[in-house]
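Participant: Model the following, please.
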Amino acid sequence: MKTFLFSIFAITLLASFSVQAQTWCASSNCEWSTSDSALEFTDSLTNESDGILHENWPVYSWSIAIFDSDKFDDLMGNVYYFKNFIANRVREICVAKRTEWGFTDMATCDSARTYIRNSYLHKYTGSTMDEALTDTFWTVDEDNWFSYASFNAKSEAYVQDGTKRVYVTEDFWHQERLVRGNGCEMDHLPIVVDLDEMTITFISSELFD
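Facilitator: Purely as a prediction, here's the structure:
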């Protein structure tokens, strides 16, 4: 009986987190914006002067800004709330991209949200963050990887500047969700939280080999 009651409580609690995360941005606590650090990172990868990825390997990022520091602390302090929050934001990106591509069926966006909610969210801090981010790109072209070290230097410059956390949802399907899917996509979904900016950035990429 106690186990049954606990299960009911857990289901109710998770449903509450889900609803809160879905409506949270509607209360003007956050909006889609830009992250200066994320833009500097993507530019460092692709710019013509010292970038290491060519035009056949575009990198995409979407950042959401949080305006209230107390709300941001609440969000970062509860893993269930945070997972549901990012799951809903990924669905929003997916819907926007599929609309841009001319699709009307958004079932795969719902599936993306459900997958993130139900998946383990790997968290990296300190010296492990740069390799965690680099690894998400390495899986795109691991058979023909030109320089793990040079890419990791870019990742390190990004995530070790200021105060950040890196999260990874493994085995996330990017095709026709975050990228059009005509190339080789990432196997995982990296998410970078900038605690100084109070931004959350989602990163995706595909290689046209």
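
Participant: can you count the residues close to T139?
Facilitator: Around T139 there are 14 other residues, counting by other C-beta atoms under 10 Å. Backbone N, C-alpha and C define where each C-beta goes, glycine included.

Participant: Repeat that for I52.
Facilitator: Using other C-beta under 10 Å, I52 has 15 other residues around it.

Participant: for D171, same thing?
Facilitator: The number of residues near D171, taken as other C-beta under 10 Å, comes to 9.

Participant: Backbone dihedrals for it, please?
Facilitator: The phi/psi pair for D171 (degrees, to the nearest 10) reads phi 60, psi 40.

Participant: For it, give me its contacts.
Facilitator: Neighbouring residues of D171 by C-beta atoms under 8 Å, 6 or more residues apart in numbering: S119, D187, H188.

Participant: Show me which of the residues you listed are buried.
Facilitator: S119, D187, H188 (16 or more other C-beta atoms under 10 Å).

Participant: Tell me if I am right that S63 is in a strand.
Facilitator: Yes: according to DSSP: H, G, I helix; E, B strand; the rest coil, S63 belongs to a strand.

Participant: just to revisit the earlier point, lowest-confidence one in the contacts of D171?
Facilitator: Among the contacts of D171, D187 carries the weakest pLDDT, at 93.

Participant: Over to that residue: give its phi and psi.
Facilitator: In terms of degrees, to the nearest 10, the main-chain angles of D187 are phi -90, psi -20.

Participant: roughly how far apart are it and G162?
Facilitator: Distance from D187 to G162, counting by C-beta to C-beta, to the nearest Å: 27 Å.

Participant: circling back: adding distance to C30, write the contacts of D171 out as TSV.
Facilitator: Shown next, in TSV, are the contacts of D171 (distance: C-beta to C-beta, whole Å):
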residue	distance to C30
S119	22
D187	28
H188	24
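
Participant: Closest one of those to G181?
Facilitator: D187 (13.5 Å; C-beta to C-beta).

Participant: show me the residues around that closest one that make contact.
Facilitator: Counting by C-beta under 8 Å, 6+ apart, the residues that D187 touches are T136, T139, V140, E170, D171, F172.

Participant: so where do the helices sit in this structure?
Facilitator: 2-23, 36-46, 69-76, 79-100, 107-118, 129-138, 148-159 (DSSP state H).
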